[in-house]
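J.: prediction below, plus the sequence it came from.
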Amino acid sequence: MEQKRAIQTVLPERTAKDSLGEVRIPANVYYGAQTQRAVENFPISGQPLPSTLIHALGLVKQAAARVNRELGLLDAEKAKLIEQAAAEVAQGLLDAEFPVDVFQTGSGTSSNMNANEVIANRAIELGGGQIGKDTFIHPNDHVNFGQSSNDVFPTAMHVAAVLEIERELLPALRLLQETLEEKAREFDDVIKIGRTHLMDATPIRLGQEFSGYASQIEHGIERVEAVLPHLRELAVGGTAVGTGLNTHPEFGRRVAAVLSELTGTEFVEARNHFEAQASRDAYVWASGSLNTVAASLMKIANDIRLLASGPRTGLGELLLPAVQPGSSIMPGKVNPVICESVVMVAAQVTANHVAVTIGGQWGQLDLNAMMPLMARNLIESIQLLARASRMFVEKALKGLTVNREVCEGYVERSTSLVTALNPLIGYDRAAEIALKAFAENRPVREVAYEMSGLSKEEVDAAISPRAQTEPGI
């Protein structure tokens, strides 16, 4: 049998050059030799850096070019071309030009050079030159002027984190908090049995439970907001090790000011450049705040999942909206899939935090060497929490309803109602009533009439479920 020959497509290439020599790269890309080396050196995950971080790198390069022009350190025409090309990176127009894997050099040098090369070549093109032939704008000498990967990359990390937190996470968490508060008001008249250790406890109003959930998210918002001042401090201006070698003494302050102007939020030069480059403590703290939010979301989603279990043989106190069929074999089954998705997001955020924590410990001597990993994990956590919070609101909480009959029935059958008799007849006598009610499968109220020595009116007043949810009444 005649074998068919495979058709091979040969893509056009060009030669790029760096300090190690020549490299063959695709002819139609803006990046250069150092980017290509990184692509070949790190074929690890197939995951490039988050686009948000790439956009932040573009913002930093844009601000740096403007400051160098204003300081008279960079030719005005070249600086304007660099600014224009960097702005395109910041706007996400050149995302496909950033193929370097997350698991690369720990300083992010490969990605910083990726940005330098893309911006240089795009600036050459904007200036009427030809990529691969004209070199009037250089990645290191011009785009990276007054900078080092060691201060640029952590600066981009902080810019990306602040922007994602302010634009995505905090609005989503505030929406979640407001929705939970609305449900707390809606459910305030619903009296249900409380549960501790998953066992019957004294009555509680469903609105009170939901007010607790809303408070968790409110505290989470405060924790996330608390980390922002530290993330606003930028390492730019420290260059290689924090001393500011080869840059203007006003460079860091001026770049932070331009970044504030470009983004509409505040950034400042780091108070101490040696801390800003040798450690990533602000990132670890930020990740810790996200980890706490994740813990809150997991608790809330799991509680709602449990309270909605059933519908006939579970707790069945809540009714979740049906969003999709739940089983490939059991007709009519509907599962709490939105809650489960939120729980998985929370688990991933917790796992991300572990890696960020280890990354933060990896700041030996004068530079942290796990920055791409830390950036990738923190940004993913921010985005996951924001999207999961909005999904939770739209797909589960807005349509959440209560089965009042079930809630009331559980309250009347619970032996924990007897707790309110303790001040009147003592713990031991109340325990006898509870045990007898359970053994005979009778309501506590009925057994208390017989055994408490109190009048019917006194028993009813003491074990009123509503009164038990309002101490002092």
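T.: That came through, no problem.
J.: distance from stretch 262-278 to the middle of the chain?
T.: Stretch 262-278 has its C-alpha centroid displaced from the chain centroid by 21 Å (CA atoms, centre = their mean, to the nearest Å).
J.: and the contacts of that stretch?
T.: Here stretch 262-278 makes contact (CB atoms under 8 Å, 6 or more residues apart in numbering) with 59, 62-63, 90, 150-151, 154, 158-159, 162-163, 166, 232-238, 241-244, 252-253, 255-257, 259-260, 281, 363, 365-368. Every residue, glycine included, has its C-beta placed from N, CA and C.
J.: avg pLDDT for it?
T.: The pLDDT scores in stretch 262-278 average 98.
J.: what's the end-to-end length of that stretch?
T.: Chord length of stretch 262-278, first to last residue, is 27 Å (CA to CA, to the nearest Å).
J.: list the buried residues of that stretch.
T.: The neighbour-count check on stretch 262-278 (16 or more other CB atoms under 10 Å) flags 262, 263, 265, 267, 269, 270, 273, 275, 276, 277, 278 as buried.
J.: double-check that the third one belongs to a helix.
T.: No - remark: residue 265 does not belong to a helix; assigned using DSSP: H, G, I helix; E, B strand; the rest coil, it is coil.
J.: residue contacts, the residue sitting nearest the centre point of the chain?
T.: The C-alpha lying nearest the average C-alpha coordinate of the chain belongs to residue 382 (CA atoms, centre = their mean; 1.8 Å). Taking CB under 8 Å, 6+ apart, we find residue 382 in contact with 161, 164, 165, 168, 169, 290.
J.: please enumerate the helices of the stretch 51-200 of the chain.
T.: Secondary structure of the stretch 51-200 of the chain by DSSP state H, counting those that start in this stretch: the helices cover 51-70, 76-90, 109-126, 149-164, 170-186.
J.: tell me where the stretch 151-300 of the chain has strands.
T.: Using DSSP state E, counting those that start in this stretch, the strands of the stretch 151-300 of the chain run over residues 191-196, 199-205, 233-234, 268-269.
J.: looking at these, spot the one closest to residue 388.
T.: Nearest of the strands of the stretch 151-300 of the chain to residue 388, taken as CB to CB: strand 191-196 at 25.2 Å.
J.: C-alpha coordinates for the closest one, CSV please?
T.: Provided in CSV are the C-alpha atoms of strand 191-196 (Å, rounded to 0.1, in the frame of the first residue of the first chain):
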residue,chain,number,x,y,z
ILE,A,191,-37.7,30.5,62.9
LYS,A,192,-35.7,27.3,62.4
ILE,A,193,-33.7,25.0,64.6
GLY,A,194,-30.1,25.8,65.2
ARG,A,195,-27.4,23.1,64.8
THR,A,196,-24.1,22.8,66.5
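J.: neighbouring contacts of it?
T.: Residues contacting strand 191-196 (CB under 8 Å, 6+ apart): 200-206, 209, 317, 407-408, 410-411, 414, 416, 465-466, 469.
J.: can you do 7 Å?
T.: Strand 191-196 is contacted from outside by 200-206, 317, 407, 410-411, 414, 416, 465-466, 469, using CB atoms under 7 Å, 6 or more residues apart in numbering.
J.: try stretch 27-44
T.: Taking CB under 7 Å, 6+ apart as the rule, stretch 27-44 contacts 12-14, 16-18, 23, 25, 94, 97, 99-101, 103-104, 110, 113-114, 117-118, 121-122, 131, 139.
J.: make a ChimeraX selection of the buried ones in the residues you listed.
T.: In ChimeraX, this line selects whichever of these come out buried by 16+ other CB under 10 Å:
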select :16,18,23,25,94,97,99,100,101,104,110,113,114,117,118,121,122,131,139
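J.: which among the strands of the stretch 151-300 of the chain is found nearest to residue 432?
T.: strand 199-205 (17.2 Å).
J.: and this protein, what are its domains?
T.: When the chain is parsed with automatic domain parsing, its domains come out as 21-145, 156-242+273-403, 414-468.
J.: can I get those in a markdown table with distance to residue 248?
T.: Listed next are the domains of the chain as a markdown table, based on distance: least, CB to CB, whole Å:
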| stretch | distance to residue 248 |
| --- | --- |
| domain 21-145 | 5 |
| domain 156-242+273-403 | 8 |
| domain 414-468 | 69 |
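J.: and those domains, which one averages the lowest pLDDT?
T.: Per-stretch mean pLDDT for the domains of the chain is lowest at domain 414-468 (a mean of 92).
J.: need the distance between the two termini of it.
T.: Domain 414-468 has an end-to-end distance of 13 Å (CA to CA).
J.: same check, this time on stretch 94-111
T.: Start-to-end, stretch 94-111 (CA to CA) is 14 Å.
J.: likewise for stretch 22-42?
T.: Using CA to CA, one end of stretch 22-42 lies 19 Å from the other.
J.: where's residue 462 relative to residue 353, distance?
T.: 47 Å (CB to CB, to the nearest Å).
J.: also residue 247?
T.: Applying CB to CB to residue 247 and residue 353 gives a distance of 34 Å.
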